[in-house]
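Peer 1: Build the 3D model from these lines:
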Amino acid sequence: MDYKKLQNGSDIRGVALEGIEGQHVNLTEEVCRNIGRGFALWLMKKTGKQSDLRVAVGRDSRLSGETLCNWLCAAMAEAGLTVTDFGMASTPAMFMSTVTEGYTFDGSVMITASHLPFNRNGFKFFTAEGGLEKADISEILAYASEDTATGMTPGSISCDEFMDTYSAILVNKIRTATGEETPLAGFRIVVDAGNGAGGFFADKVLKPLGANTDGSRFLDPDGSFPNHIPNPENKEAMESITDAVRETKADLGIIFDTDVDRAGAVLSDGSELNRNRIIAMLAAILLREHPGTTIVTDSITSTGLAKFISEKGGIHHRFKRGYRNVINESIRLNAQGQDSQLAIETSGHGALKENYFLDDGAYLVTKLLIELARGKKMGYSLESLLESLEEPAESVEFRMNINLDDFKVYGQSVIDELTAYAKNQNGWSLAENNFEGVRVNLDDAHGNGWFLLRLSLHDPLLPLNIESNSVGGAKIIAKELATFLAAYDKLDASSILDFAK
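Peer 2: Predicted structure coming up:
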């Protein structure tokens, strides 16, 4: 077993169930037990403790979750750890178990594969310092691949519950910010959990605050995901919560991904609040609370969002794709003395300085709920916060396969050559302060927008994002690019070439 193949950036992911052709189980009992032992060894090294190490474990609704949990817990207990199984939980809650008074575990593990298909699963790891980095995962997997015992007396396994405590933290946050016991009384707020782990939010957060949650959907955990993928970026998922808002005339709709580290929303007028729009909403709120703060985003945010943040008095710092990348960049800026309150990807991964820089979809939603209650008192709506946001007329993405084993070198050569090419094209200008791939702005005569070509973080792909402020502009930009991209025989540019016709 090549354990390195299980690494997915700062997570571990693999196939836990048969059922999809060509995908065979690699998260076997032996592998999961070795990963548990590997984490125990890593944690001992990290903490310098050889005894009394306490670890919490949680899982989302995936069909394989309980089995993987049993294997992992058993291995960590055999390695000498005191293990507490929290059962169904969210990823952010598992981090909070390391910093919450009365718990303060030395480490925690969340068993999840986010929004991936039902047959997949994986592990996320935390200490009180936050989520583990890529190098830490590499070290855990290296330990897992070796036959190294901890040499400790076996520990123990017990079961407990943490989601009530975590929910109470969110409830108290909203009550403290609003000064009211039931600040959501009179509001109808619906939740679509997509049968993931986010169903708790309706009963344990919204109802205690006075909200009417009738019309909420798919709150019960079901790892077969029979209704839609739990993913705020998924079209069917967003249609589902939008329908729920319209059918119930709700004041707000909330949707989570499987393990609740991401969220999206739908406003009372039926408009979606995701991607650039949720970033703009959070920026508007935070820039009122922290004037002049820096908002760190990933590389594919729109020019309209940059203008919006600037007009609100903030600084937009567009960085690389990858939620750990944007979080670490925001942390870096703060360490240098530049206040940065929010790090967020267009995928919905968002982390706030006030909340340990934890990417927590439920916590992001609490900011919206506080603003909803505040707006009722002061006579404005959430929709009004986005009135000045200029949104593109068109936005498309192409994911072009690189048909080569050494795809990173080839992909980077395409990017480098396009960068040089762009410098000599009429109406093109390279974007300033770009940290990923090549981003080019195009004037009115050449598509009135921008494109970004970058190398995928993990896959043999060159994703290409195009946005235009004019109807038909995306096709003009695609045509401008088509001739250049067609020259690369190892790059499957058929999707954009077809679009450009």
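
Peer 1: Next, name the residue at the spatial heart of the protein.
Peer 2: For the chain, the residue whose C-alpha lies nearest the mean C-alpha position (C-alpha atoms, centre = their mean) is residue 349; its distance is 2.9 Å.

Peer 1: what's the distance between that one and residue 47?
Peer 2: From residue 349 over to residue 47 the distance is 27 Å, taken as C-beta to C-beta, to the nearest Å. From N, CA and C alone the C-beta is placed, and that goes for glycine too.

Peer 1: Check residue 228 too.
Peer 2: 41 Å.

Peer 1: Specify which residue of those two has the higher count of neighbours.
Peer 2: Each of residue 228 and residue 47 had its neighbours counted (other C-beta atoms under 10 Å), and the higher figure belongs to residue 228 (20 against 13).

Peer 1: Quick check: the more buried one is in a helix.
Peer 2: No - note on residue 228: no helix contains this position according to DSSP: H, G, I helix; E, B strand; the rest coil, which reports coil.

Peer 1: was I right about it contacting residue 238?
Peer 2: No - under the criterion of C-beta atoms under 8 Å, residue 228 is not in contact with residue 238, lying 9.2 Å apart.

Peer 1: okay, and the common contacts of the two?
Peer 2: In the contact map built from C-beta atoms under 8 Å, 6 or more residues apart in numbering, no residue is linked to both residue 228 and residue 238.

Peer 1: Give me the nearest residue to the residue nearest to the centre of the chain, chain neighbours excluded.
Peer 2: Across the structure, with C-beta to C-beta, 6 or more residues apart in numbering as the measure, the residue nearest residue 349 apart from its sequence neighbours is residue 323 (3.7 Å).

Peer 1: my guess is residue 9 contacts residue 321, does it?
Peer 2: No - using C-beta under 8 Å, residue 9 and residue 321 do not qualify as a contacting pair, with a distance of 10.7 Å.

Peer 1: Between those two, which contacts overlap?
Peer 2: Listed contacts common to residue 9 and residue 321 are residue 457; contacts here mean C-beta under 8 Å, 6+ apart.

Peer 1: Name the nearest residue to residue 252, sequence neighbours excluded.
Peer 2: On the basis of C-beta to C-beta, 6+ apart, the spatially nearest residue to residue 252 that is not a chain neighbour turns out to be residue 189, at 4.8 Å.

Peer 1: Need the three-state assignment for that neighbour.
Peer 2: Here residue 189 is recorded as strand under three-state DSSP.

Peer 1: That one contacts residue 211, doesn't it?
Peer 2: Yes - contact status for residue 189 versus residue 211: in contact at 4.5 Å, counting by C-beta under 8 Å.

Peer 1: Which one's more surrounded, the two?
Peer 2: Set residue 189 next to residue 211 and count neighbours by other C-beta under 10 Å: residue 189 wins out with 30 against 25.

Peer 1: Spit out the contact partners of the more buried one.
Peer 2: Neighbouring residues of residue 189 by C-beta under 8 Å, 6+ apart: 206, 211-213, 250-254, 369.

Peer 1: Quick check: closest non-adjacent residue to residue 152.
Peer 2: Closest residue to residue 152 in three dimensions, ignoring its sequence neighbours and counting by C-beta to C-beta, 6+ apart: residue 80, at 2.7 Å.

Peer 1: The residue of the chain positioned farthest from its centre and residue 77, how far apart?
Peer 2: Within the chain, residue 153 marks the point farthest from the mean C-alpha position, 38.1 Å out by C-alpha atoms, centre = their mean. Residue 153 is 11 Å from residue 77, where distance means C-beta to C-beta.

Peer 1: circling back to that earlier point, the residue nearest to residue 349: neighbour count?
Peer 2: Counted with other C-beta under 10 Å, the burial measure for residue 323 works out to 22 neighbours.

Peer 1: what ranges do the strands span in the stretch 51-200 of the chain?
Peer 2: Taking DSSP state E, counting those that start in this stretch to define them, one finds strands in the stretch 51-200 of the chain at 54-59, 82-88, 107-111, 120-127, 130-131, 156-159, 189-192.

Peer 1: export the ones you listed to CSV and tack on mean pLDDT and distance to residue 340?
Peer 2: Output for the strands of the stretch 51-200 of the chain, formatted as CSV (pLDDT from 0 to 100; distance: least, C-beta to C-beta, whole Å):
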stretch, mean pLDDT, distance to residue 340
strand 54-59, 98, 29
strand 82-88, 98, 32
strand 107-111, 98, 26
strand 120-127, 98, 22
strand 130-131, 96, 15
strand 156-159, 98, 39
strand 189-192, 98, 30
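
Peer 1: ranking the ones you listed by burial, who's on top?
Peer 2: By mean neighbour count, with neighbours taken as mean count of other C-beta atoms under 10 Å, strand 189-192 ranks first of these at a mean of 29.

Peer 1: Comparing residue 9 and residue 321, which shows the higher neighbour count?
Peer 2: Relative neighbour count places residue 321 above the other of residue 9 and residue 321, with 22 against 15, counting by other C-beta under 10 Å.

Peer 1: quick revisit: which of the contacts of residue 189 has the largest number of neighbours?
Peer 2: Among the contacts of residue 189, residue 254 has the most neighbours (other C-beta under 10 Å), with 32 neighbours.

Peer 1: Which strand residues bridge residue 13?
Peer 2: With DSSP bridges applied, the residues forming beta bridges to residue 13 are residue 122.

Peer 1: and the gap between it and residue 262?
Peer 2: 16 Å.

Peer 1: Could you check which of those two is surrounded by more residues?
Peer 2: Using other C-beta under 10 Å, the more surrounded residue of residue 13 and residue 262 is residue 262, with 31 against 21.

Peer 1: which residues does residue 318 contact?
Peer 2: Residue 318 neighbours (C-beta under 8 Å, 6+ apart): 297-299, 301, 306, 433-435.

Peer 1: Make TSV out of those and add neighbour count and distance to residue 158.
Peer 2: Formatted as TSV, these follow (neighbours: other C-beta atoms under 10 Å; distance: C-beta to C-beta, whole Å):
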residue	neighbour count	distance to residue 158
297	27	42
298	24	40
299	23	44
301	24	45
306	20	50
433	9	51
434	17	51
435	15	46
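
Peer 1: With respect to residue 454, which of those residues is nearest?
Peer 2: Within the set of the contacts of residue 318, residue 299 lies nearest residue 454; the separation is 6.4 Å, counting by C-beta to C-beta.

Peer 1: what ranges do the helices span in this structure?
Peer 2: Taking DSSP state H to define them, one finds helices in the chain at 29-47, 65-78, 91-96, 134-145, 163-178, 200-201, 235-248, 276-289, 303-311, 323-335, 361-378, 407-422, 473-485, 494-500.
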